[in-house]
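K.L.:
could you work out the structure for the sequence below:
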Amino acid sequence: MAGGGGVSPLGLAPPLWYHRDLSRAAAEELLARAGRDGSFLVRDSESVNGAYALCVLFQKHVHTYRVLPDEEGFLAVQTSQGVQPKRFKSLPELVLLYLQPSQGLVSTLLYPVDREESIPEDRDYSDGEDEKPPLPPRSASTPPTGSSPETPTDSAPAANGLSTISHEYLKGSYALDLQAVKQGASSLPHLNKTLVSSCKRLNGEVDKVLSGLEILSKVFDQQSAFIVSKMIQQSVNQGGDQELENLVTKLAILKDLLSSIEKKALKAVQDMSLSTLSSPPPLTRHSKTIPVQAFEVKLDVYLADLTKIGKSQKHSLSVDVEGGKLVVMKKMKDNQEDWNTFTHHKIRQLIKSQRVQNKLGIVFEKDKEKSQRKDFIFTSAKKREAFCQLLQLMKNKHSNQDEPDMISIYIGTWNMGSVPSPKAVGSWLLCRGLGKTLDEMTVTIPHDLYVFGTQENSVCDREWVDSLRTALKEHTELDYKPIAVQTLWNIKIAVLVKPEHENRISHVGVSSVKTGIANTLGNKGAVGVSFMFNGTSFGFVNCHLTSGNEKIGRRNQNYLDILRLLSLGDKQLSSFDISLRFTHLFWLGDLNYRLDMDIQEILNYINRKEFDPLLKVDQLNLEREKNKVFLRFAEEEISYPPTYRYERGSRDTYVWQKQKATGMRTNVPSWCDRILWKSYPETHIVCNSYGCTDDMVTSDHSPVFGTFEVGVTSQFVSKKGLPKSSEQAYIEFENIEAIVKTASRTKFFIEFYSTCLEEFKKSYENDSQSSDNVNFLRVGWTNKQLTTLKPLLSEIEYLQDQHLLLTVKSLDGYESYGECVLALKSMIGSTAQQFHTYLSHRGEETGNIRGSMRVRVPAERMGTRERLYEWISVDKDETGGPKGRSTLPPRSGHDYVKPSLTRKDVGAELGKVSEEVERSTKEEGTGSCCVCSRAKQDSAEGDPSTCKNNSYNNPAYYILEGVPNQSAASLSSELLPTSCSPPAGKALPPGGGRGKPPSGSSQPRRHNSAGHPVRPISEEGSQEDDGSTLNRPPPDFPPPPLPKGVLEMADTSFSKPRPLYPDLAEVKIPAANPSPAFVLGEGFRRGAGGAGGLDDQSCSVLQMARTLSESEYPPPPRAPSAHPHLRGQGLGDACRTFPPRAPITESIAEDLPEEALWGSSSSSLSVGESSVGEWLQSLGLERYEEGLLHNGWDDLEFLSDITEEDLEEAGVLDPSHKRILLESLRQQK
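P.N.:
Residues are numbered from 1 along each chain as shown. As a prediction, the model looks like this:
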């Protein structure tokens, strides 16, 4: 409990208006429900430890005052500069004063909002198996009961013990020493005793250091070795009087040893190298060699080519990983064979077919600058994946790079049921069993990292880790090194790494959080490990959440507590929860979410191996759809039966009933054991396997495994040194705008964090602020308020791996109202790029943010290289993929949109996708028909992907939970269309095409490189299971409510340009009227499964928002060549995505002009087009667009001043074309 110093000012029974660690958003919800001016509560401050926040409701706005303790422990409300604060001994005393009128607050404190006292929890021990909670195991890594891992348990003084002991000496013993000196003593025995006490811990630490250096001294410095050994021996039997003297001697020896050992070691190594120069290098133990693997394939050819190549297309592909060769063998008649050998550097690229899961294209280098592509059909998709893995391994093995671009991570989770594991755990380690498993050709390939999370593990730490290392050595012949082990009672996590990577691991951290009864027992909770692998940060959390079919809310709260309290990662990122502190965060464990279905139905579906109906009623999936937990996390598709609750000793029977003293307890079969992950945008991560074993039967849970291919970055070292001022890269913001879910009306600023910055930076306070709904606020910053950031290094190869963390904070309490992460990769270029993503705080979505920025990289620092994981791509020419699946390569778990579609691409893209739109319009009864496409990059055509409407792109999203929304309730049902198809003979409703942007890197349905869909979780649900999204794109911006006269707008002409993002000031929520409540249409339902239901108030906000979003503003006009079916629903900027992998060059794309993007309607030209490109297209002279933009003529407002010379410099040399352009401009004046 926070307090102002000394004894807590709240006493043992805190008043009901004190809400402890209640979040800011939850406090605003409680006050909104109270609804009366003068309602108040007090909570702990989120920004200052030991401080409080006094929250007061006045005129529907929440005002927050910080209550800070001073040096003496007195409390005071923070005041303006120059105003004398009033000081109080306790919080109740402070509140008592402000209950009186005219005390300086916006309102007198009138109505306390009491906290909801939690109902005493039922016993939650071990899924009902145990009658009492298991005692914490007695192991060296587990602190004694009652102390946390961070609490020292020895009898040494506290952190400030030295000053305490010194004070005691000066107050008491000093007089005795003084008396002794007066009597002729030559020493100060009491001071000596004080110093010995103070240095007691130092003595022990020095002994530890000397012991550690003893071996090195014996090898490299025999002279010092004898002295070091002698001192260690003496320290065991040292006496009290000699203790201080010995400490000084040891410190002197330690100083000499540290200053000389490196020089002596260098000399010894140099002598050794000279003497063994002619001898062969020492043998190092490697993993067993990978045998040559052969794959039977068929050459995929067109029918017309059969006559040229003969009838036989049977081939064999032999991969020699150790030799770095691929042999392509063609089988001929009479058992003859024709074969070609390609070395690893001659294999240019692997191209996976998205539509045909077992098809792979291989691009071979024939001659210099010439290549040949051949397509092969494998016997199965699993074989294709095994082949790709082996070739990647071969490329990695023979790479000339010092550091890896990609590593393989194994993750296992298992509730052991308080029984030791069997000796044979090979199926778990080798991913053999049920679900998505690895091919037999690749199961024995060792992974770079192994992470094991266990629950109800009664084995002591050392024994458990030793058994894992032994098992790994048996299967890989490698001695894996443990880098971290953390335990909370019987919840354990162990991380082991390949020996070759041990020196690449740094900044290891561990932590734990108890969530058992009253958050004091460790039988439930989480343990975590974090570290850096070269330049990439990793976090791993293993948890065991509350059991019980009905305890969904308690499990959700467990998750939020762990997210907030687990202390992992960079301490400078304390403003961010752990889901944003790591490049890659993996969350595993017994999450204990169950299936909401009758037991007999569950068993019937399991017997028929029909898992989709069960996944629709999986509590974790349903809670994720409501954004209650695991916001924007990803999970691979589940294709194995529920892992709990089996009969021990068998995997044939589920035991779902158990007689207890309180009655019959039911535990339905469920997927309790899960692995989820969340990654920064524009990073590489692919899940290659996700399943469970079927032969480890000692527990009532089956072990679960998952393997991941993860891109990593090296510790970048600039070859050109630190940048000079002329070679400095800059991160520049043109503007930022955020919509924040809050009833507050304070001012805000932004903090920027990144490893590429020397220190975090702040913006000035926002210079624009508006709101049309009491529960949300729109704030904006122009470039004057936004600081320019200078990265430490300026190389593009370094910057394209960097990310920027933003947090929006209030000026009144310095508390965060939302955080997000941006990738710099797609922002690199000379022209500003758009970003658009969501804000979250404490695991909850709190708004969204967009802006315009660029990363300017000097030409001298533009060199880059292809990463290993970019070597495999998805076939971009195939557009016939399964419905609802993306054809984009895998990206991160974060939602993120960076618009980059060029204007000149729009017309061509619209033509390509028009047929797809027409088909989707016919097939889908509801939802948006908007089709989004990617930018045309590295000579690849963009693939159309169906976009769905966004669930929070209007103010209805910001209705607080449980608070009625008058604006939404007043809407007539006729304003809530349930179909994007207009009635016959009517124009398409405006904005019908504005839908959810695909997240270029966060694609509408996430895929691994195998092309299989990751388990989808949609933000607002969908009409069919296959169409929902996992990586939900950010909301459209801003979220406008329906304007008056929206129906009349349907008939208006689209020739008049409209801002893409209308100002909220122009958008008015219809006034309340006595019309009957509207009927909830299809847009309010969350899909076939009916997840959430209309009685769930937390869903009603999203449901309402989704329906409201189906009629919005029309997008800007498109080129006249646009297909008639797409008129009025063109590709809005919100539908654009950042480019796919490609060497990044300056001026990646020319985006729409600023006035179209940011709602500015000022323009001296009244041409019917809103951009230079559209103006040129109307004249049929779009070929000159690139030249004009390159020379800076990118704004219609300035074109009126252009001259003939300017046109010639931009490449317009034809006199007739110059005349047409100048005449057109003259007419517009």
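K.L.:
what stretches of the stretch 201-350 of the chain score poorly on pLDDT?
P.N.:
214-215, 218-226, 228-242, 268-287, 302-312, 333-336 (pLDDT under 70).
K.L.:
typed the wrong thing, it's the stretch 1-150 of the chain
P.N.:
Looking at the stretch 1-150 of the chain by pLDDT under 70, you get 1-12, 117-150.
K.L.:
strands along that one, start to end?
P.N.:
39-44, 52-58, 61-69, 75-77, 111-112 (DSSP state E, counting those that start in this stretch).
K.L.:
pipe those into CSV and attach mean neighbour count and distance to Asp439 per row.
P.N.:
Backbone N, C-alpha and C define where each C-beta goes, glycine included. Below are the strands of the stretch 1-150 of the chain laid out as CSV (neighbours: other CB atoms under 10 Å; distance: least, CB to CB, whole Å):
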stretch, mean neighbour count, distance to Asp439
strand 39-44, 24, 53
strand 52-58, 24, 56
strand 61-69, 20, 57
strand 75-77, 21, 65
strand 111-112, 17, 64
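K.L.:
to His507, which of those lies closest?
P.N.:
strand 39-44 (28.9 Å; CB to CB).
K.L.:
quick one: contacts of that closest one?
P.N.:
Contacts with strand 39-44, where a contact means CB atoms under 8 Å, 6 or more residues apart in numbering, come from 2, 17-22, 24, 27, 30-31, 51-57, 67, 91, 95, 109-113, 115.
K.L.:
quick one, strands of the stretch 551-700 of the chain?
P.N.:
584-590, 635-636, 657-660, 663-666, 673-679, 685-692.
K.L.:
also the stretch 701-850 of the chain?
P.N.:
Using DSSP E, counting those that start in this stretch, strands in the stretch 701-850 of the chain cover 704-711, 730-741, 748-753, 761-762, 768-770, 776-782, 803-810, 816-823, 833-841, 844-856.
K.L.:
just to revisit the earlier point, which one of the strands of the stretch 1-150 of the chain lies nearest to Asn457?
P.N.:
Here strand 39-44 is closest among those (CB to CB), at 34.2 Å.
K.L.:
what's the angle from that closest one to strand 61-69?
P.N.:
40 degrees (axes from the mean of the first three to the mean of the last three CA atoms, to 10 degrees).
K.L.:
can I get strand 39-44 in CSV? Just the C-alpha atoms.
P.N.:
Taking Å, rounded to 0.1, in the frame of the first residue of the first chain, the C-alpha atoms of strand 39-44 are listed here in CSV:
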residue,chain,number,x,y,z
SER,A,39,-18.1,12.3,-6.9
PHE,A,40,-14.5,11.4,-5.9
LEU,A,41,-12.1,8.6,-5.1
VAL,A,42,-8.4,8.2,-4.3
ARG,A,43,-6.1,5.7,-5.9
ASP,A,44,-2.3,5.1,-6.0
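K.L.:
between it and strand 52-58, how many degrees?
P.N.:
160 degrees.
K.L.:
any chance of the strands of the stretch 701-850 of the chain in TSV, plus mean pLDDT?
P.N.:
Formatted as TSV, the strands of the stretch 701-850 of the chain follow (pLDDT from 0 to 100):
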stretch	mean pLDDT
strand 704-711	97
strand 730-741	96
strand 748-753	97
strand 761-762	96
strand 768-770	94
strand 776-782	96
strand 803-810	97
strand 816-823	96
strand 833-841	96
strand 844-856	95
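K.L.:
need those in CSV with mean neighbour count and distance to Lys524, can you?
P.N.:
Shown next, in CSV, are the strands of the stretch 701-850 of the chain (neighbours: other CB under 10 Å; distance: least, CB to CB, whole Å):
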stretch, mean neighbour count, distance to Lys524
strand 704-711, 25, 19
strand 730-741, 22, 30
strand 748-753, 21, 32
strand 761-762, 14, 39
strand 768-770, 13, 43
strand 776-782, 22, 36
strand 803-810, 22, 30
strand 816-823, 24, 27
strand 833-841, 25, 25
strand 844-856, 23, 22
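K.L.:
ok, which of those strands comes nearest Gln619?
P.N.:
Across the strands of the stretch 701-850 of the chain, closest to Gln619 is strand 704-711 (CB to CB), at 17.0 Å.
K.L.:
please identify which of the strands of the stretch 1-150 of the chain is closest to Asp177.
P.N.:
strand 61-69 (38.5 Å).
K.L.:
tell me the angle that closest one makes with strand 803-810.
P.N.:
100 degrees.
K.L.:
can you list the strands that strand 61-69 pairs with?
P.N.:
strand 52-58 (antiparallel), strand 75-77 (antiparallel) (DSSP bridges).
K.L.:
which residue is the nearest non-sequential neighbour of Gly323?
P.N.:
Val292 (7.9 Å; CB to CB, 6 or more residues apart in numbering).
K.L.:
quick check: that neighbour touching Asp320?
P.N.:
Yes - the pair Val292 / Asp320 is scored as a contact, 4.8 Å apart, by CB atoms under 8 Å.
K.L.:
which of the two has more neighbours?
P.N.:
More crowded of Val292 and Asp320, by other CB atoms under 10 Å: Asp320, with 18 against 14.
K.L.:
so the more buried one touches Ala294, yeah?
P.N.:
No - look at Asp320 against Ala294 with CB under 8 Å: they stay out of range, at 10.1 Å.
K.L.:
now for the residue nearest to Val712 when sequence neighbours are not counted: which residues touch it?
P.N.:
The spatial neighbour of Val712 that comes closest, neighbours along the chain excluded (CB to CB, 6+ apart), is Thr536 at 4.3 Å. Neighbouring residues of Thr536 by CB under 8 Å, 6+ apart: Thr583, His584, Val710, Gly711, Val712, Thr713.
K.L.:
any idea how far His803 is from Thr536?
P.N.:
To His803, Thr536 is 11 Å away according to CB to CB, to the nearest Å.
K.L.:
and for the two, which residues touch both?
P.N.:
Thr583.
K.L.:
on that earlier part again, right, and the strands paired with strand 61-69 - which one's nearest Phe376?
P.N.:
The nearest among those, by CB to CB, is strand 52-58 at 63.4 Å.
K.L.:
outside of the closest one, which residues touch it?
P.N.:
Here strand 52-58 has contacts from 2, 24, 27-28, 31-32, 34-46, 62-67, 75, 77, 91, 95, 98, 105-107, 109, 743, 813, 815, using CB under 8 Å, 6+ apart.
K.L.:
what does stretch 693-701 give?
P.N.:
127, 129, 414-417, 419-422, 425, 427-428, 432-434, 456, 590, 643-651, 655, 672-673, 702-703, 705.
K.L.:
distance between the ends of that stretch?
P.N.:
10 Å (CA to CA, to the nearest Å).
K.L.:
buried set for that stretch?
P.N.:
Residues of stretch 693-701 classed as buried: Thr693, Asp694, Met696, Val697, Ser699, Asp700, His701 (neighbour count, 16 or more other CB atoms under 10 Å).
K.L.:
do stretch 16-31 as well
P.N.:
In stretch 16-31, counting by 16+ other CB under 10 Å, buried: 17-19, 22-31.
K.L.:
what's that stretch in contact with?
P.N.:
1-2, 10, 14, 39-44, 46, 53, 55-57, 62, 64, 91, 95, 112-115, 741-744, 815, 817, 841-842, 844, 846, 960-963.
K.L.:
secondary structure class for the nearest residue to Phe295 once chain neighbours are set aside?
P.N.:
The shortest distance from Phe295 to any residue other than its chain neighbours is 4.6 Å, reached at Leu317 (CB to CB, 6+ apart). Under the three-state scheme (DSSP: H, G, I helix; E, B strand; the rest coil), Leu317 adopts strand.
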